[in-house]
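[1] After the sequence you'll find the predicted model.
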Amino acid sequence: MKRILVTGGCGFIGSNFVRHFLNSVDDCRLINLDKLTYAGNPENLRDIEKDPRYRFVKGDICDSSLIEALFDEEQIDTVVHFAAESHVDRSISGPSEFIRTNINGTFMLLEAARKAWLSTSHLSPLHARFLHVSTDEVYGSLGETGLFCETTPFDPRSPYSASKASSDHLVSSYFHTYGLPTLITNCSNNYGPYHFPEKLIPLIINNALNGKELPVYGDGKNVRDWLYVVDHCAAIMTALQHGKLGETYNVGGNNEKQNIEIVTTVCDLLDEKVGLLPSGDARQNLIRYVTDRPGHDRRYAIDASKIKDELDWEPSVTFEEGIRLTVDWYLENPEWISSVLDGSYQEYYETMYGNR
Ligand code: NAD
Ligand code: TYD
């Protein structure tokens with residue numbers, strides 16, 4: 001039986017992963033440790049919260065006594081670590097929480113795993129796994145050509161990517177120094193259901209639906225490599241089950257798009273699905289070019305051949321399919337987006353879980 005600790009399981013990718021894991025593995029106990037920052041939303045997992053295999057714990061990954069107690073009490077043998085501050089713009093306006101959670105929090109988790117797995121006899125490290133979920137942003141910014149591979153030197157440019165690069169180095173050091181059974185995945189931009197509407201795709205969907213301006217940074221020609229979130233969850237499962245300890249796997253969608261292409265695609269899809277704006281205008285008229293993000297990375301693109309060749313994972317959803325699924329999900333779940341935006345999910349949490 002797998003006894004897995006998922007951190008940040010109430011966030012965008014974490015909640016998709018929790019659902020994916022429980023649907024894929026019958027014999028398991030899954031502990032979701034989440035601080036419920038502004039980005040953590042228990043509504044994301046409402047459908048599984050009564051599953052007897054699932055336990056939610058409200059808590060901070062920087063709280064070492066809490067994590068050590070969880071390792072002990074639940075006999076954790078697997079960690080999948082999502083918890084992080086994840087928004088580049090917020091890391092520019094307020095970096096300290098990124099340093100605290102992304103670096104110190106990862107360190108606390110590594111220490112707890114080391115103590116539980118390497119200093120006691122109750123679990124063989126052969127069966128244990130610590131999978132750290134990271135980003136392609138650690139590699140910096142590409143020019144017109146080239147791809148990030150696992151050996152590309154780190155060159156982070158934002159406080160967010162620098163904090164993730166630091167945590168990747170810490171994880172790697174625990175493998176080399178202590179033999180902690182680690183794996184790292186560095187993934188490109190995800191999109192799909194439960195994506196917090198401060199990130200490009202859900203922000204554009206929400207604003208375009210409501211006739212609000214669509215802010216496009218700089219010239220709109222920055223490129224990201226988009227991956228449907230469920231494919232990312234499948235890649236993490238694959239790395240967990242078949243990955244070689246101490247290795248890093250790059251995960252990407254082979255879907256390079258300029259930001260402006262993303263914005264116009266979403267506008268056209270919404271025009272098609274819900275009709276033009278009340279004024280009779282197409283939604284592309286809402287696009288506004290705004291001041292660029294400081295240090296805005298120009299292009300990210302992933303070479304995912306290692307995980308394909310060695311572990312037989314590749315994306316299953318094309319961008320054209322994934323963006324339709326995503327727009328449909330937001331159209332079908334207006335109450336989710338409004339609850340996130342008005343903060344009422346925090347009240348929901350208090351009602352459901354109290355303040356433990
Ligand atoms: P998110 O911001 O949607 O969710 C983060 C979750 O972590 C939230 O539920 C939040 O409450 C929780 N959290 C934050 N600080 C915490 C703390 N101190 N203790 C416990 N929980 C805490 O993020 P996401 O987009 O789902 O990203 C998840 C992970 O995947 C991150 O590590 C991120 O760096 C990585 N990643 C994200 C993307 C992407 O496109 N979103 C791409 C590659 C990698
Ligand atoms: P974002 O979703 O914040 O992800 P990341 O910065 O981690 O790649 O942004 C994706 C791209 O979209 C990035 O190049 C910045 C750009 N962007 C905009 O043009 N307008 C926006 O309002 C936002 C949030 C992002």
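    Thanks, I have the structure now. Ligands and ions are numbered 1, 2, ... in the order given.
[2] so where do the strands sit in the stretch 51-200 of the chain?
    Along the stretch 51-200 of the chain, counting by DSSP state E, counting those that start in this stretch, strands occupy 54-58, 78-81, 129-135, 182-187, 189-191.
[3] sec struct for V18, please.
    Per DSSP: H, G, I helix; E, B strand; the rest coil, the local secondary structure of V18 is helix.
[4] That one contacts Y54, doesn't it?
    Yes - using C-beta atoms under 8 Å, V18 is in contact with Y54, at 7.5 Å. (Each C-beta comes from the backbone N, C-alpha and C, glycine too.)
[5] anything in contact with each of these two?
    Contact criterion C-beta atoms under 8 Å, 6 or more residues apart in numbering; residues shared by V18 and Y54: 30, 32, 45, 48.
[6] L240: which of those is nearest?
    Of all the shared contacts of V18 and Y54, L240 sits closest to L30, with 12.7 Å by C-beta to C-beta.
[7] which residues does that closest one contact?
    Residues in contact with L30 (C-beta under 8 Å, 6+ apart) are 4, 6, 18, 21-22, 53-55.
[8] Format those as a markdown table; extra columns: pLDDT and distance to V171.
    Formatted as a markdown table, the contacts of L30 follow (pLDDT from 0 to 100; distance: C-beta to C-beta, whole Å):
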| residue | pLDDT | distance to V171 |
| --- | --- | --- |
| I4 | 98 | 17 |
| V6 | 98 | 16 |
| V18 | 98 | 21 |
| F21 | 98 | 20 |
| L22 | 98 | 25 |
| R53 | 98 | 27 |
| Y54 | 98 | 26 |
| R55 | 98 | 25 |
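[9] CSV for these, including distance to ligand 2?
    As requested, the contacts of L30 are arranged in CSV below (distance: C-beta to the nearest ligand atom, whole Å):
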residue, distance to ligand 2
I4, 26
V6, 21
V18, 22
F21, 24
L22, 27
R53, 32
Y54, 29
R55, 30
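[10] how about the residues of the chain that lie near ligand 2?
    Selection of the chain residues close to ligand 2 by C-beta under 6 Å from any ligand atom yields 88, 189, 199-200, 203, 215-217, 222, 224, 259, 293.
[11] Could you tell me the angle between the helix or strand hosting N23 and strand 182-187?
    Element membership of N23 [criterion: DSSP states H and E] is helix 12-24. Regarding helix 12-24 and strand 182-187, their directions subtend 120 degrees when assessed with axes from the mean of the first three to the mean of the last three C-alpha atoms, to 10 degrees.
[12] For helix 12-24, list the C-alpha coordinates in PDB.
    Output of helix 12-24 as PDB, limited to C-alpha atoms (Å, rounded to 0.1, in the frame of the first residue of the first chain):
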ATOM      1  CA  PHE A  12      -4.000  24.000  -9.500                       C
ATOM      2  CA  ILE A  13      -1.700  21.200 -10.400                       C
ATOM      3  CA  GLY A  14      -1.800  19.600  -7.000                       C
ATOM      4  CA  SER A  15      -5.600  19.100  -7.000                       C
ATOM      5  CA  ASN A  16      -5.500  17.700 -10.500                       C
ATOM      6  CA  PHE A  17      -2.800  15.300  -9.300                       C
ATOM      7  CA  VAL A  18      -4.600  14.200  -6.200                       C
ATOM      8  CA  ARG A  19      -7.700  13.300  -8.300                       C
ATOM      9  CA  HIS A  20      -5.500  11.600 -10.900                       C
ATOM     10  CA  PHE A  21      -3.600   9.600  -8.200                       C
ATOM     11  CA  LEU A  22      -6.800   8.400  -6.400                       C
ATOM     12  CA  ASN A  23      -8.300   7.400  -9.700                       C
ATOM     13  CA  SER A  24      -5.200   5.400 -10.700                       C
END
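[13] what residues are up against F82?
    By C-beta under 8 Å, 6+ apart, F82 lies in contact with 6-9, 11, 13-14, 17, 133.
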